[in-house]
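Enquirer: give the three-dimensional model of this entry:
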Amino acid sequence: MAQELTVLALAGVLLLVHIFTATHFKTKQYGVDWNTGARDEDTPPLNDLAARLDRARGNFLETLPLAIIALGGVVVAGKATDLTAIAAWVWLGARAVYLPLYWSGVAIWRTVVWSVALLALLYPLGMLLLG
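Expert: Down below sits the predicted model:
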């Protein structure tokens, strides 16, 4: 299997980590009844930690489609190379580091890591479009 597809499969695992972590801290704040209910009621703003984890989850969901397009695209198009595989692993590593940085409230380095992840995706996207 192409390494880019392995990275995407692992990204699915990382997505589950994001979802369950954010939901755990929301449930901790709002309670099990909120989690298992229809969630129709108004809720107070999330505390800082739960809000950061929810934003990190949302950020991952915003960038995951780009990874699927870029990494899956190079595989489908037959343009996967050692460099696109390296870019895929760099992207996944940066995204894995991003969550604990956001979780702990680290601002500047979190943005640097996010930028590394984005730059890593630009290479396979460029290969898909131009290579």
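
Enquirer: could you say what helices and strands the helix or strand bottoming out on mean pLDDT in the chain packs with?
Expert: Using mean pLDDT, DSSP states H and E, the weakest-scoring helix or strand in the chain turns out to be helix 32-36, at a mean of 88. Helix 32-36 makes packing contacts with helix 3-30 when contacts are defined by 3 or more Cβ pairs under 8 Å, 6 or more residues apart in numbering; DSSP states H and E. Just so you know, the C-beta spots here come from the backbone N, C-alpha and C atoms, and that holds for glycine as well.

Enquirer: tell me the angle of the next helix or strand after the least confident helix or strand of the chain relative to helix 3-30?
Expert: Reading on from helix 32-36 to the C-terminus, the next helix or strand found by DSSP states H and E is helix 48-67. Orientation check (axes from the mean of the first three to the mean of the last three Cα atoms, to 10 degrees): helix 48-67 against helix 3-30 gives 160 degrees.

Enquirer: can you give me the mean pLDDT across helix 48-67?
Expert: For helix 48-67, the mean per-residue pLDDT is 97.
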